[in-house]
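J.: here is my input; please provide its structure:
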Amino acid sequence: MNRFLSTCAASLALLALVIALPAQAQSQARSISYATGYPPNTIGSDAAMKYAAALEKLSDGDLEAKVYSMSLLSFSEAAPGIRDGMADSGFVLFSYFPAEFPNTNLVSELTMLLELDDVEPSKAGLAYVGAMSEYIFQHCPECVQEFAAQNQVFTGASASAPYMLLCNDKVVSQSDIQGKRLRSAGPQWARWAEAVGASPVTISVSDSYEALNQGVLDCSISSSVDLDIFKLSEVVEHVTTDVPGGVFGGAGVNNVNRDVWQSLTEQRRKTLLHASAVLGAEISWDYQAGATKELENAPDEGIAVHEADASLDDATQAFIEKDAQTIADNYARRHGIERSGEMVETFRGILSKWVGRVADVESADDLANLYWDEIYSKVDVGSYGL
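T.: Got it, this is the predicted structure:
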């Protein structure tokens with residue numbers, strides 16, 4: 001009897017100890033792998049680490065992210081790698097996969113519309129992230145379906161700082177740009193180059209240094225942050241800041257394997273979305289901060305900073321107005337998107353709204369809260385991605 005009583009007492013003591021333990025200590029945290037093509041100690045990888053910290057904090061330790069920077073999946077491997085479960089989630093550049101994401105890429109080409117809204121350059125990418133995310137979550141079932149076809153779930157966007165001309169000669173007028181060879185960062189900028197009398201050249205930004213240095217290129221259409229990231233400050237002597245405009249916005253900042261998403265509880269999905277809002281805000285804010293710093297430092301690097309004159313600015317504005325219809329027509333013809341014109345008009349309205357929304361944002365934290373309050377928190381995690 002004494003042995004029985006002793007055993008019971010020990011069992012009760014153990015039960016009391018278990019009950020007293022914090023909830024997270026009783027269940028193991030769910031770890032989610034995150035792959036990015038950015039190398040360590042860059043804007044993209046640093047933002048990924050902030051995402052991991054946010055995920056753990058927002059979940060009270062119930063979720064954690066294991067970040068793989070340029071080690072698990074490259075940018076060209078990201079979409080199929082996430083589809084096949086090589087990573088649970090990751091950073092996807094949609095332009096690398098035109099056949100897989102035509103509806104999403106349609107919107108990704110509309111970034112130059114920002115110039116028609118007279119957006120503050122330092123807020124352009126921030127507005128685009130909000131508009132892109134809201135559009136896909138709320139207005140583009142075709143986008144959601146094409147992600148599902150790739151066994152993925154879209155959980156947010158990111159964007160660069162504005163694109164401008166980084167040149168080895170002064171290019172500020174319509175006459176200056178005639179015949180110049182410009183690195184094109186996407187089809188919309190290639191069309192712009194042709195429209196203003198230049199010659200677009202398809203070359204990766206990582207190869208721009210040698211191309212500019214050897215005279216193969218006259219200018220690169222890039223963000224000013226590339227003066228630092230790709231050391232273009234060593235081969236560029238002139239920057240023209242206000243043309244062609246637009247940002248690179250074709251990025252899924254945290255696409256999630258659909259099987260992984262469906263295995264999560266609704267609370268975990270909601271938390272992952274919240275952390276994705278933080279990720280999109282951090283990477284986009286840091287890109288803009290870096291771009292601003294590079295423009296401020298340009299004169300010290302011997303680089304002259306210019307604005308386009310009226311001839312080139314007017315030609316650019318006229319091009320942007322026409323190109324929105326060109327984009328709609330191209331996607332209807334090449335990809336059979338029946339409501340491409342409607343998509344363009346819907347997105348234009350959302351983009352204009354977001355230009356106003358980000359006008360007073362003063363920090364990455366403000367931006368993340370804005371994205372969460374206005375978009376991510378409104379996603380129905382009980383049905384989205386299922």
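
J.: list phi and psi for the closest residue to Asp117 other than its chain neighbours.
T.: Of all residues not flanking Asp117 in the chain, Val355 sits nearest, at 4.6 Å (CB to CB, 6 or more residues apart in numbering). For every residue, glycine as well, the C-beta is placed using N, CA and C. Here is the backbone geometry of Val355 (degrees, to the nearest 10): phi -60, psi -40.

J.: can you check Phe101 too?
T.: phi -130, psi 60.

J.: tell me who's in contact with it.
T.: 79, 94, 143, 146-147, 150 (CB atoms under 8 Å, 6 or more residues apart in numbering).

J.: hey, where'd the helices end up in the stretch 201-350 of the chain?
T.: Taking DSSP state H, counting those that start in this stretch, the helices of the stretch 201-350 of the chain run over residues 208-213, 226-229, 258-263, 266-297, 310-335, 340-357.

J.: select, out of these, the one closest to Ala195.
T.: helix 310-335 (4.5 Å; CB to CB).

J.: tell me what that closest one is packed against?
T.: Packing partners of helix 310-335 (3 or more CB pairs under 8 Å, 6 or more residues apart in numbering; DSSP states H and E): helix 102-108, helix 174-177, helix 187-195, strand 238-244, helix 340-357.

J.: quick one, which of the helices of the stretch 201-350 of the chain is nearest to Ala29?
T.: Counting by CB to CB, Ala29 lies closest to helix 266-297 out of these; the figure is 10.4 Å.

J.: need the pLDDT of Val205.
T.: The per-residue pLDDT reported for Val205 equals 85.

J.: show me the contacts for it.
T.: Contacts of Val205 (CB under 8 Å, 6+ apart): 183, 185, 220, 222, 226, 230.

J.: hmm, 6 Å instead?
T.: Going by CB atoms under 6 Å, 6 or more residues apart in numbering, Val205 touches Phe230.

J.: same question, Ala148
T.: Counting by CB under 6 Å, 6+ apart, Ala148 touches no other residue.

J.: so it is in which element?
T.: Assigning secondary structure by DSSP states H and E places Ala148 in helix 141-149.

J.: how about that helix: buried residues?
T.: 142-144, 146-147 (16 or more other CB atoms under 10 Å).

J.: so that helix versus helix 340-357, what angle?
T.: Between the axes of helix 141-149 and helix 340-357, defined by axes from the mean of the first three to the mean of the last three CA atoms, to 10 degrees, the angle is 100 degrees.

J.: bridged to the spatially most central residue of the chain, which residues?
T.: Nearest to the mean C-alpha position of the chain, by CA atoms, centre = their mean, lies Ser158 at 2.0 Å. Per DSSP bridges, the residues bridged to Ser158 are Ala251.

J.: ok now do Phe248, which residues does it touch?
T.: Ser160.

J.: beta partners of the nearest residue to Ser71 once chain neighbours are set aside?
T.: Closest residue to Ser71 apart from its sequence neighbours, by CB to CB, 6+ apart: Ala35 at 7.9 Å. For Ala35, the beta-bridge partners are Tyr68, Gly90 (DSSP bridges).

J.: OK, contacts around Ala35?
T.: 68, 72-73, 87, 90.

J.: what's the closest of the residues you listed to Val119?
T.: For the contacts of Ala35, the nearest to Val119 is Gly90 (29.1 Å; CB to CB).

J.: just give me the neighbour total for that closest one.
T.: As a burial measure, Gly90 scores 29 neighbours (other CB atoms under 10 Å).

J.: so what's the closest residue in space to Leu312 that isn't next to it in sequence scoring on pLDDT?
T.: Counting by CB to CB, 6+ apart, Leu312 lies nearest to Gln174, which is 5.1 Å off, once chain neighbours are set aside. pLDDT, Gln174: 95.

J.: from Pro121, how far off is Gln174?
T.: 21 Å (CB to CB, to the nearest Å).

J.: around Gly341, count how many other residues there are.
T.: 16.

J.: who's in contact with the nearest residue to it once chain neighbours are set aside?
T.: Of all residues not flanking Gly341 in the chain, Ala328 sits nearest, at 4.6 Å (CB to CB, 6+ apart). Ala328 sits next to 340-341, 344 when contact means CB under 6 Å, 6+ apart.

J.: go again using 8 Å as the cut-off
T.: Going by CB under 8 Å, 6+ apart, Ala328 touches 106, 340-341, 343-344.

J.: so where is the protein shaky, pLDDT-wise?
T.: Applying pLDDT under 70 to the chain flags residues 1-27.

J.: cutoff 50 now
T.: For the chain, the stretches with pLDDT under 50 are 1-26.

J.: name the nearest residue to Asp228, sequence neighbours excluded.
T.: Glu294 is the one closest to Asp228 (CB to CB, 6+ apart), at 5.5 Å.

J.: coming back round to it: mind checking which of the helices and strands packed on helix 310-335 is nearest Gly252?
T.: The nearest among the helices and strands packed on helix 310-335, by CB to CB, is helix 102-108 at 8.0 Å.

J.: ok, then the element right after the closest one?
T.: helix 124-139.
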